[in-house]
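Novice: Sequence below, structure please.
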Amino acid sequence: MSGIFLGLFGFIALVMVFGAGLLFYVIGLYNGLVTLRNRFQNAYAQIDVQLKRRYDLIPNLVETAKGYMKHERETLEAVIRARNTAMAAGQKAAANPGDPSAIENLSTAEVALAGSLNKFIGLAEAYPDLKANQNMLALQEELTSTENKISFARQGFNDAVTAYNTGIETFPGNLVAGYGNFQRAALWELTDPQEREPVKVSF
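Specialist: Here you go, the predicted structure:
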């Protein structure tokens, strides 16, 4: 009789150990997905810092050019409008960097901004005094540096998003992701040929 009790006790202990192991495994999976989500959100925060830096530089660039490019008012205003649109899209994306529509809207706004900046820089080449302006040259150098940092930060964001999406889509992470409400995040993809060309910020 005691052997039956010992066998039953051993079975219950084995089930409890297995259950505890499974619970810890699921907790580990969940925490791993949270870590991956935090990584891509932090990666977007790095982009956001550089975008804000660029958005702050653009009005200074336009203001410097105003005195020289008096007949290019429409182009100057277009740059500011595109900058404001991109800044608003960036704020929405920063609030939820995993939202596909927010990232898509930001990408579209950034394409428009790059186009207007390239047009502005192209027109500025016709003004020798502006090309020689030290303030303009310093702003262009800072803008070039910022563009490079944005490019690297965007690559880091896409890498982090890919790791996160892989985590929530592969077994057994997909089971935990379903219960934990982990949503697929959007890559910042370069689908427009114009967007693949960097902003030309030097004369």
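
Novice: The residue most central in space within the chain: which element?
Specialist: Nearest to the mean C-alpha position of the chain, by C-alpha atoms, centre = their mean, lies Tyr44 at 3.7 Å. In this structure, Tyr44 sits in helix 2-66 according to DSSP states H and E.

Novice: Show me what the mean pLDDT comes to for that helix.
Specialist: Across helix 2-66, pLDDT averages out at 89.

Novice: could you point out which element follows it?
Specialist: helix 73-95.

Novice: Next, the buried residues of that next one.
Specialist: 75-76, 78-79, 82-83, 85-87, 89-90, 92-94 (16 or more other C-beta atoms under 10 Å). (Each C-beta comes from the backbone N, C-alpha and C, glycine too.)

Novice: for stretch 135-149, same thing?
Specialist: By neighbour count on 16+ other C-beta under 10 Å, the buried set for stretch 135-149 is 136, 139-140, 142-143, 146-147, 149.

Novice: Specify which member of the residues you listed is nearest to Gly115.
Specialist: The nearest member of the buried residues of stretch 135-149 to Gly115, counting by C-beta to C-beta, is Glu147 at 14.2 Å.

Novice: Starting from Thr166, give me the distance back to that closest one.
Specialist: Distance, Glu147 to Thr166, by C-beta to C-beta, to the nearest Å: 29 Å.

Novice: contacts for stretch 47-62?
Specialist: Residues from elsewhere that reach stretch 47-62 (C-beta atoms under 8 Å, 6 or more residues apart in numbering): 76, 79-80, 83, 86-87, 90, 93-94, 117, 120, 136, 139-140, 142-143, 146-147, 149-150, 153-154, 157, 188.

Novice: do the same with stretch 172-187
Specialist: Stretch 172-187 is contacted by residues 26, 29-30, 32-33, 37, 40, 97-100, 102-104, 158, 161-162, 164-165, 167-169 when judged by C-beta under 8 Å, 6+ apart.
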